[in-house]
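A.B. asks: okay, predicted coordinates and the sequence, questions at the end:
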Amino acid sequence: MAFLEGVKVTKRFGGLAAILDLSFKIDQGGIIGLIGPNGAGKTTLLNLISGSLTPTTGEILFKGKRISGLRPHQICKKGIARTFQSVKLFGNITVSENILLGSVYGKPRGLSRTNHSTETSDLLKFLGLAGKRDVLAKDLNIVEQKFVELARALATKPDLLLLDELIAGLNPSETSLACDKIKEIKKKGITIFMVEHVMGVIMSLSDRVIVLNHGEKIADGTPEEISRDRKVIETYLGEDSEC
Ligand SMILES: Nc1ncnc2c1ncn2[C@@H]1O[C@H](COP(=O)(O)OP(=O)(O)OP(=O)(O)O)[C@@H](O)[C@H]1O
Ligand SMILES: [Mg+2]
């Protein structure tokens, strides 16, 4: 049984097939990169997995059970959390309250209020946000907001974490910090499915890479295999790629 499986998934928006007859399997553990040109369907696929969208046809299974058709909060409680390409925080509450919401509304664990607060504090420390705990989310810069969104996702205690361009817009030192955190999250046993355009990051972090183009899978393999794949070079990486 695959940890996460898509079976002939198609998502149409009117006449456009954003995802077309896509089948894939992901095992538990490790980091899987999802790459492809703008408009390839990467965010749509994460939306389908997390329940923001429902497939037009096909189905998605998590730990052997169908999740497509469930609401996002139901899927979250089953152990799938995500961040968004455009950050979506609750701007008028504090950083720690945003993270606490993840802890309370994530996977049910019967924790006391004190334990939820302790978890929140631990995540604030883990992501270097302790000094910002009482700041309103809307008053943070975009990089801080991305880290809060990551903390909120982790607070739900996911088994699978979906990251949609977490690194985009980060400077080199922030990128390096984010990569270290992603590696630490992997070590905690959380499977990561991450969309990125920053090839150096995706190729160094990923155990496996899936490539989409026009909603279809055009390649699936190790970073080394992907960087040598003729179709991927022609449609996405380019001939002068350093990957
Ligand atoms: N809600 C929607 N309604 C209509 N079309 C949509 C919707 N969401 C996505 N699309 C279209 O589906 C296609 C895939 O979009 P998607 O956002 O999944 O691409 P992407 O691979 O994430 O691109 P990017 O790298 O630019 O983020 C695009 O043509 C997009 O315009
Ligand atoms: Mg996208």
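C.D. replies: Good, I have the coordinates. Ligands and ions are numbered 1, 2, ... in the order given.
A.B. asks: hey, let's count contacts and neighbours off CA atoms from now on
C.D. replies: Noted.
A.B. asks: need the residues that contact stretch 42-62.
C.D. replies: 2-12, 18-19, 21, 34-36, 66-72, 75-76, 80-82, 85, 162, 164, 195, 212, 215 (CA atoms under 8 Å, 6 or more residues apart in numbering).
A.B. asks: and Ala40, what does it touch?
C.D. replies: 18, 212-216.
A.B. asks: got the buried residues for the longest helix belonging to the chain?
C.D. replies: Using DSSP state H, we find that the single longest helix of the chain is helix 172-187. Using 16 or more other CA atoms under 10 Å as the test for burial, helix 172-187 gives 175, 177-179, 182-183, 185-186.
A.B. asks: out of those residues, which touch ligand 1?
C.D. replies: With CA under 6 Å from any ligand atom as the criterion, the buried residues of helix 172-187 include none near ligand 1.
A.B. asks: want to throw these into a markdown table with pLDDT?
C.D. replies: Formatted as a markdown table, the buried residues of helix 172-187 follow (pLDDT from 0 to 100):
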| residue | pLDDT |
| --- | --- |
| Thr175 | 95 |
| Leu177 | 94 |
| Ala178 | 95 |
| Cys179 | 96 |
| Ile182 | 98 |
| Lys183 | 97 |
| Ile185 | 98 |
| Lys186 | 98 |
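A.B. asks: now render those as JSON lines, adding distance to Gln145.
C.D. replies: Shown next, in JSON lines, are those (distance: CA to CA, whole Å):
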{"residue": "Thr175", "distance to Gln145": "14"}
{"residue": "Leu177", "distance to Gln145": "15"}
{"residue": "Ala178", "distance to Gln145": "13"}
{"residue": "Cys179", "distance to Gln145": "16"}
{"residue": "Ile182", "distance to Gln145": "16"}
{"residue": "Lys183", "distance to Gln145": "20"}
{"residue": "Ile185", "distance to Gln145": "18"}
{"residue": "Lys186", "distance to Gln145": "21"}
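A.B. asks: widest-spaced pair of the residues you listed?
C.D. replies: Thr175 and Lys186 (16.5 Å; CA to CA).
A.B. asks: around ligand 1, which positions in the chain sit nearby?
C.D. replies: 13, 18, 37-44.
A.B. asks: out of those residues, who has the most neighbours?
C.D. replies: Lys42 (26 neighbours; other CA atoms under 10 Å).
A.B. asks: show me which of the contacts of Ala40 are buried.
C.D. replies: For the contacts of Ala40, a neighbour count by 16+ other CA under 10 Å gives the buried set as 18, 212-216.
A.B. asks: of these, closest to Gln28?
C.D. replies: After measuring the buried ones among the contacts of Ala40 against Gln28 - CA to CA - the closest member comes out as Leu212, at 21.0 Å.
A.B. asks: just the pLDDT for that closest one.
C.D. replies: Note for Leu212: predicted pLDDT of 97.
A.B. asks: so it: helix, strand or coil?
C.D. replies: strand (DSSP: H, G, I helix; E, B strand; the rest coil).
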